[in-house]
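**Student:** Build the 3D model from these lines:
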Amino acid sequence: MASLLTIPPELRHDIIERVLLYERLPPRDIVTERANREPAPHYTAVEAPPDVTSWVFLERSLHPPNADGLLCTNRQLAYETHAIIKRLNPEYKLDLLLVDEAQLWPTWTCLPVSAHFIDRVHVSIASIGEPASGAWLWSYRGPPKCMWAMYFLLELYLVRGFTYHHLDVDRHPGRPIVVRNIILDFKDLCDTPAGHMVTSANVRTFMATPDESLAALYPDYLTWRRRTVQGAPGPGPVDSRTTAPWFARVVRHFVRLLLTDDGSIRSAGVLHRRVGVIDIAVRGDTVDAFDVAVALSLLDIPDNLDSDDPPLFTMPGPFYRLISANHRGYLSRFLKHMEEVLRTRGKLGLPVPSKTLVQRHEWTPEAPALD
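**Tutor:** Below is the predicted model:
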């Protein structure tokens with residue numbers, strides 16, 4: 001009987017490539033899939049709401065990376081598999097379902113190999129099921145639940161690893177991940193209702209429309225957003241499903257806020273340290289991009305922090321500031337955060353800005369460690 005080591009190398013390498021790039025079918029029957037879901041473990045370093053883990057449902061059954069069997073068979077197969085992984089530089093693929101606008105269901109459809117440094121992670125995001133009550137997709141008072149859930153999931157994967165499971169907490173304290181490019185690709189699982197107006201032809205126009213012009217140009221979007229805040233459908237189209245462009249606009253708003261607001265550094269720390277670029281795509285077409293190194297170069301604190309002006313008070317929540325002008329320790333904590341972030345990025349091989357706005361505070365970041 002022939003084995004992998006006895007067949008011609010070109011056939012063996014073709015088989016190895018097919019194994020590495022194997023993709024599972026994402027779940028689409030949510031009724032059947034519910035039995036394979038369980039709430040995420042109670043782990044988070046960010047100051048998220050206490051019930052955030054009840055919004056993210058992981059798979060009960062673990063699926064190991066595609067390359068595990070090849071790497072553990074013998075030295076020859078492990079050597080050839082490592083060489084093919086290096087040549088292919090495979091893309092990791094995650095399917096993320098927003099179920100009933102109340103839960104996130106992540107499914108790794110392509111997990112080539114367990115690694116600490118990953119070039120690309122493609123995340124397909126879609127809404128399925130019937131809209132539930134509650135302000136899950138939008139909020140006028142800080143981040144909505146969907147953003148807390150997505151950020152919790154992102155931090156869980158980047159800090160604990162893509163194959164993390166709550167049963168492995170004691171045995172495997174963590175496998176931190178560095179990703180050079182994360183693509184958040186928003187898709188529709190069904191035809192977009194005709195009344196929703198945002199077709200593939202004008203997605204870029206919609207995404208570039210200023211907030212003050214949305215009511216006149218895209219009234220259905222405003223109706224949908226009011227419904228997501230109030231938890232009940234308002235006047236307008238009967239079909240108020242969450243379409244890809246609408247979901248993408250909501251997420252883009254809070255990703256930008258997370259990366260550019262100085263009051264968000266505590267929550268954005270994992271992105272600052274472990275991510276290179278975040279792309280926002282709609283139906284496969286990239287509509288925006290956030291370079292974390294560029295965001296860090298422009299990140300600074302308010303000019304009146306050290307002045308005698310009245311305290312700065314903004315809307316509540318970790319994504320917003322509540323800073324007293326007399327609380328000068330904030331400047332020290334902010335500068336220490338920037339120093340640690342830039343040093344970590346340099347050590348991990350991520351781009352580091354050559355100049356930053358915080359250098360005006362007579363502070364120069366230490367050179368990145370070389371070990």
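
**Student:** From here on, just use CA atoms for contacts and neighbour counts.
**Tutor:** OK.

**Student:** tell me the contacts of the residue lying closest to F290 once chain neighbours are set aside?
**Tutor:** Closest residue to F290 apart from its sequence neighbours, by CA to CA, 6 or more residues apart in numbering: I278 at 5.1 Å. With contact taken as CA atoms under 8 Å, 6 or more residues apart in numbering, I278 is in contact with 181-184, 289-292.

**Student:** what's the most distant pair in these?
**Tutor:** Farthest pair in the contacts of I278 (CA to CA) is L184 and V292. Separation: 14.8 Å.

**Student:** any low-confidence regions in the protein?
**Tutor:** Residue ranges of the chain with pLDDT under 70: 1-2, 42-51, 53, 132-142, 164-175, 191-201, 227-241, 303-328, 362-371.

**Student:** In it, spot the strand with the most residues.
**Tutor:** strand 117-128 (DSSP state E).

**Student:** And that one, what's buried?
**Tutor:** Residues of strand 117-128 classed as buried by neighbour count (16 or more other CA atoms under 10 Å): 118, 120-128.

**Student:** For F206, see how far away S213 is.
**Tutor:** In this structure, S213 and F206 are 10 Å apart, going by CA to CA, to the nearest Å.

**Student:** higher neighbour count, these two?
**Tutor:** The neighbour comparison of S213 against F206 (other CA atoms under 10 Å) goes to F206, with 19 against 10.

**Student:** so which strand or helix has that one?
**Tutor:** helix 203-208 (DSSP states H and E).

**Student:** Name the residues of the helix or strand that that helix is followed by that are buried.
**Tutor:** Using DSSP H and E, the next helix or strand after helix 203-208 towards the C-terminus is helix 214-217. Within helix 214-217, no residue counts as buried by 16+ other CA under 10 Å.

**Student:** contacts for helix 214-217?
**Tutor:** Applying CA under 8 Å, 6+ apart, the contact partners of helix 214-217 are 221-222.

**Student:** at 10 Å instead, please
**Tutor:** 197, 206, 209, 220-223 (CA atoms under 10 Å, 6 or more residues apart in numbering).

**Student:** Specify the angle between the longest helix seen in the chain and strand 117-128 in degrees.
**Tutor:** Secondary structure of the chain per DSSP state H: the longest helix is helix 329-348. Relative orientation of helix 329-348 versus strand 117-128 (axes from the mean of the first three to the mean of the last three CA atoms, to 10 degrees): 110 degrees.

**Student:** Report all helices and strands that helix 329-348 contacts.
**Tutor:** helix 265-274, helix 292-298 (3 or more CA pairs under 10 Å, 6 or more residues apart in numbering; DSSP states H and E).

**Student:** Can I get the helix holding F206 in CSV? Just the C-alpha atoms.
**Tutor:** C-alpha atoms of helix 203-208 as CSV (Å, rounded to 0.1, in the frame of the first residue of the first chain):
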residue,chain,number,x,y,z
VAL,A,203,-21.8,51.0,-1.3
ARG,A,204,-18.7,53.3,-1.5
THR,A,205,-20.9,56.4,-1.8
PHE,A,206,-23.0,55.3,1.2
MET,A,207,-19.9,54.6,3.3
ALA,A,208,-18.4,58.0,2.4
